[in-house]
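# I need the structure of the sequence given here:
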Amino acid sequence: MPSLTGQEVGANGLGLMNLTWRATVTPDEIAFEVMKTAINNGATFWNSGEFYGLAPNHTANLQLINRYFTKYPEDSGKVVLSVKGGVEQGPGGPILRGDREGVQHSVDNVLRILDGKVKLGIFECARVDTSVPLEETISTLAEYVRAGKIGGIGLSEAGPKTIRKAHSIHPIAAVEVEVSLWATEIFTPGGVADTCAELGIPIAAYSPLGKGFLTGAIKSPDDIPQGDGRRHFDRFQPGNFEKNLVLVDKLSAISKRTGCTNAQLALAWVRQVGNAPGKPVIIPIPGATTVVRAEENFGACVELTEGEMEEISKILEGMEIVGGRYSKAQESGLLVDHV
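Okay, here's the model as predicted:
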């Protein structure tokens with residue numbers, strides 16, 4: 001089993017974002033069932049964000065976590081909670097705050113809302129703030145680690161040079177980055193995966209189901225609800241969508257043959273493409289807003305054969321995914337090298 005900040009966690013983790021960062025917030029009774037199902041199936045690495053809530057309640061996700069562990073205090077020692085922060089809500093939108101004052105304000109706010117109901121296992125700035133020396137950001141967080149207020153420091157969407165430099169300032173507990181069958185950028189030779197493997201840093205793979213695309217549940221752009229952020233992402237745009245759907249069709253043929261769902265296939269690939277000689281530990285952190293989805297994602301830990309992994313590799317080699325992971329305006333914040 002993988003270990004984070006000295007505590008063993010399951011092969012899968014749980015992304016909490018969609019429970020609160022949607023137009024319709026998941027009611028507590030359902031959210032709590034999802035969270036309990038995750039724990040019961042070993043998904044004990046949880047990922048949240050200080051800003052995972054719609055205005056005016058940006059901290060809704062942290063408040064949900066507080067309520068869960070208030071009701072189930074016996075579960076608090078079972079999970080490693082990672083929270084993204086370092087973002088200030090400005091009048092024109094979010095502003096990165098990797099400076100000492102911004103980091104302190106963010107960590108203190110997270111700790112205040114959690115109110116000791118669960119330990120803040122890992123804190124990470126949501127993106128690399130290139131306007132601030134990396135030493136300032138990491139050294140500030142290191143003070144919180146030494147004080148015992150957080151368990152470790154994480155990085156999000158950091159490039160290999162950033163990871164290497166940050167790790168030289170203070171050991172990095174985990175690197176969070178998008179990894180899925182249509183987001184394989186970290187496996188570029190000398191890239192994030194190789195760097196994390198060398199330094200012994202686990203990777204938290206967010207959006208391992210391609211933001212829902214790889215599950216096959218979305219058949220056309222019209223299936224995406226109005227107001228859903230995916231409507232603005234390049235890969236979901238008409239024209240790109242149809243070309244990318246070919247990947248889903250090819251994966252569906254394999255999952256049908258192996259007797260698992262597309263989601264289970266996608267999660268198995270993410271786990272197994274890491275966790276191998278010369279590869280880093282990779283923990284997929286899919287979200288779930290219903291118990292049915294939680295049981296699908298966490299209840300059956302599918303293992304792919306070597307032949308199935310090779311078949312998938314050939315599919316990926318013959319596929320060109322069309323469009324960026326987000327919109328063009330957001331691409332500059334991905335896999336950032338800041339030294």
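
# quick one: what helix or strand has Ala174 in it?
Here Ala174, judged by DSSP states H and E, is contained in strand 172-178.

# Paired strands for that strand, with orientation please.
Take DSSP bridges as the rule and strand 172-178 pairs in its sheet with strand 152-156 (parallel), strand 203-206 (parallel).

# Which residues outside the next helix or strand after the first one are in contact with it?
Read in the C-terminal direction, the helix or strand following strand 152-156 is helix 160-169, with elements assigned using DSSP H and E. Outside of helix 160-169, the residues that reach it under the criterion Cβ atoms under 8 Å, 6 or more residues apart in numbering are 128, 134-135, 138-139, 142, 153, 155, 158, 172, 175, 190-192, 194-196, 199, 201, 336-339. For the C-beta atoms, the positions are set from N, CA and C on the backbone; glycine is no exception.

# Just the angle for helix 160-169 relative to strand 152-156, thanks.
170 degrees (axes from the mean of the first three to the mean of the last three Cα atoms, to 10 degrees).

# buried set for helix 160-169?
160, 162-167, 169 (16 or more other Cβ atoms under 10 Å).

# chain center to it: distance?
Between the centre of helix 160-169 and the centre of its chain there are 20 Å (Cα atoms, centre = their mean, to the nearest Å).

# Stretch 90-106 too?
For stretch 90-106 - counting by Cα atoms, centre = their mean - the centre lies 21 Å from the chain centre.

# Any buried residues in that stretch, and which?
Those buried within stretch 90-106 under the rule 16+ other Cβ under 10 Å are 96-99, 102-103, 106.

# need these in a markdown table with secondary structure and distance to Lys211, can you?
Formatted as a markdown table, the buried residues of stretch 90-106 follow (DSSP: H, G, I helix; E, B strand; the rest coil; distance: Cβ to Cβ, whole Å):
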| residue | secondary structure | distance to Lys211 |
| --- | --- | --- |
| Leu96 | strand | 22 |
| Arg97 | coil | 26 |
| Gly98 | coil | 26 |
| Asp99 | coil | 31 |
| Gly102 | helix | 28 |
| Val103 | helix | 28 |
| Ser106 | helix | 25 |
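
# Show me which of those is closest to Gly85.
Relative to Gly85, the closest of the buried residues of stretch 90-106 is Ser106; by Cβ to Cβ it sits at 3.7 Å.

# Helices - which of the contacts of helix 160-169 land there?
With helices taken from DSSP state H, the overlap with those comprises 134-135, 138-139, 142, 192, 194-196, 199.

# Next, work out how far apart the spatially most distant residue from the centre of the chain and Arg271 are.
Distance from the centre of the chain peaks at Arg257, with 28.6 Å (Cα atoms, centre = their mean). Going from Arg257 to Arg271 by Cβ to Cβ, to the nearest Å gives 19 Å.

# likewise Gly190?
According to Cβ to Cβ, Gly190 stands 23 Å off from Arg271.

# Quick check: closest non-adjacent residue to Ala217.
Spatial nearest neighbour of Ala217, chain neighbours left out: Asp223 (7.5 Å); criterion: Cβ to Cβ, 6 or more residues apart in numbering.

# do Lys71 as well
Lys71 sits nearest to Phe32 (Cβ to Cβ, 6+ apart), 6.8 Å away.

# which helices and strands does the helix or strand hosting the one you found pack with?
Here Phe32 sits within helix 28-40, counting by DSSP H and E. Counting contacts by 3 or more Cβ pairs under 8 Å, 6 or more residues apart in numbering; DSSP states H and E, helix 28-40 packs against strand 13-15, helix 60-71, helix 291-299.

# The ones you listed: lowest mean pLDDT?
Across the helices and strands packed on helix 28-40, helix 291-299 has the smallest mean pLDDT, namely a mean of 94.

# What average pLDDT does the helix or strand following that one get?
Per DSSP H and E, the first helix or strand lying C-terminal to helix 291-299 is helix 306-317. Average pLDDT, helix 306-317: 96.

# now helix 306-317: how far from the chain's centre is it?
Distance, centroid of helix 306-317 to centroid of chain: 24 Å (Cα atoms, centre = their mean).
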